[in-house]
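> Pasting a predicted model and its sequence here:
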Amino acid sequence: MAEPRQIADPASLQREMLAARAAGKRIAFVPTMGYLHEGHAALLRDARRRGDLLVLSIFVNPTQFGPHEDFDRYPRDVPRDLTIAEKEGVDVVFLPTKESMYPPGASTAVDVAGVSEPLEGEKRPGHFRGVATVVAKLFLIVQPHVAVFGEKDWQQLAVLRRMTADLNLPVEIVGHPIVREPDGLALSSRNVYLSPSERTRALSLSRSLAECESLFRGGERDPAALRAAAEQILRHEGPDAAIPVTIDYVAIVDPDTMQPAAAGAPRMLVALAVRVGRTRLIDNRLLA
Ligand code: AMP
């Protein structure tokens, strides 16, 4: 497998990608913040099959972090990421600096109303504005035909689908299922923050989602009942119930709009954001 090419300059990459498009190449794109794990690798494998040229971006985007969030301590390991990129057949790795993405005077942002407002939007003001802006910029630099995102960040995917439709961006948006550890924990770059006992406690997220799934299969269609069942498990279950767990939200929502689900709806999304110790984790499951 050939080593992927590394490009840092946005204008150089854009020039190359425009030329590749003109030459009839199909460009597949996976945007990430790096510190790659098996979830990212699954996205890359999915994207690899969808294009001739596979582009991975690694950029810890400052504008999507709040002032008290973990931008400075977000884990980074570019050499290791490059090894994974090579193994997954990435052609080009885009590694911009924050100065090249946001030069002095940059003052344009993308705001997606509605779908970005509840849940993560409410708990992390400005987060989706940062995400939508950087993804719009990345789309214009990379010029992809198709971009693959994880369902792990379900609301992000919904926001980006909305943005892509509203701005007539010529990009196919693909959602990839959540990749989990064998014990159910959704893979996340932030899992490295968890101590062993916090990690055990974190299993209550996937357990509460599994409980909602089984209630839904049994015919439960009352969002309040599903939410209560999930909360019960998050608060009390697990051998390490002593580890502090703070629930940011447990929500049963419409999977497209992220608005509260109606009782009896045929499709509902259970979305969770929970702090285990100092680490904020999100997870979700579609009930349908
Ligand atoms: P991040 O580097 O955390 O910004 O994530 C980059 C992409 O990988 C996003 O589209 C995420 O939704 C996706 N992703 C992260 N973790 C997972 C996972 N466990 N399963 C599937 N996709 C994931």
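Received it, and whenever you're ready, just let me know what you need. Numbering: from 1, shown residues only.

> Residues of the stretch 1-150 of the chain that sit close to the ligand?
Taking C-beta under 6 Å from any ligand atom as the contact definition, the stretch 1-150 of the chain meets the ligand at 32, 33, 39, 40, 43, 149, 150. C-betas here are computed from N, CA, C, even on glycine.

> In contact with the residue of the chain found nearest the ligand, which residues?
Nearest to the ligand, among the residues of the chain, is residue 150, at 2.1 Å (C-beta to the nearest ligand atom). By C-beta atoms under 8 Å, 6 or more residues apart in numbering, residue 150 lies in contact with 39, 43, 157, 175, 176, 178, 179.

> So what does it have for phi and psi?
The phi/psi pair for residue 150 (degrees, to the nearest 10) reads phi -90, psi 140.

> Of all the residues in stretch 30-42, which ones are buried?
Residues 30, 31, 32, 33, 34, 35, 36, 37, 39, 40, 41, 42 are the ones in stretch 30-42 that count as buried (16 or more other C-beta atoms under 10 Å).

> Counting only helices, which of those make the cut?
39, 40, 41, 42 (DSSP state H).

> What values do phi and psi take at residue 270?
phi -90, psi 120.

> neighbours around it, how many?
27 (other C-beta atoms under 10 Å).

> Specify the local secondary structure of the residue nearest the centre of the chain.
For the chain, residue 153 is the residue whose C-alpha lies nearest the centre (C-alpha atoms, centre = their mean; 3.6 Å). Secondary structure state of residue 153, per DSSP: H, G, I helix; E, B strand; the rest coil, is helix.

> how near is the closest residue to it other than its chain neighbours to residue 87?
Closest residue in space to residue 153, ignoring its immediate chain neighbours: residue 282 at 7.2 Å, by C-beta to C-beta, 6 or more residues apart in numbering. Computed as C-beta to C-beta, to the nearest Å, the residue 282 to residue 87 distance reads 27 Å.

> before we move on, the earlier item: beta partners for the residue of the chain closest to the ligand?
residue 176 (DSSP bridges).

> tell me the pLDDT at it?
In this model, residue 150 is scored at 98, pLDDT.

> so what's residue 27 up against?
17, 20, 21, 51, 52, 53, 55, 142, 143, 144, 145, 146.

> so the fifth one makes contact with residue 23?
No. Contact status for residue 52 versus residue 23: not in contact, 9.6 Å apart, counting by C-beta atoms under 8 Å.

> When those two are compared, which one has more neighbours?
Legend: neighbour count by other C-beta under 10 Å for residue 52 and residue 23, higher for residue 52 (14 against 9).
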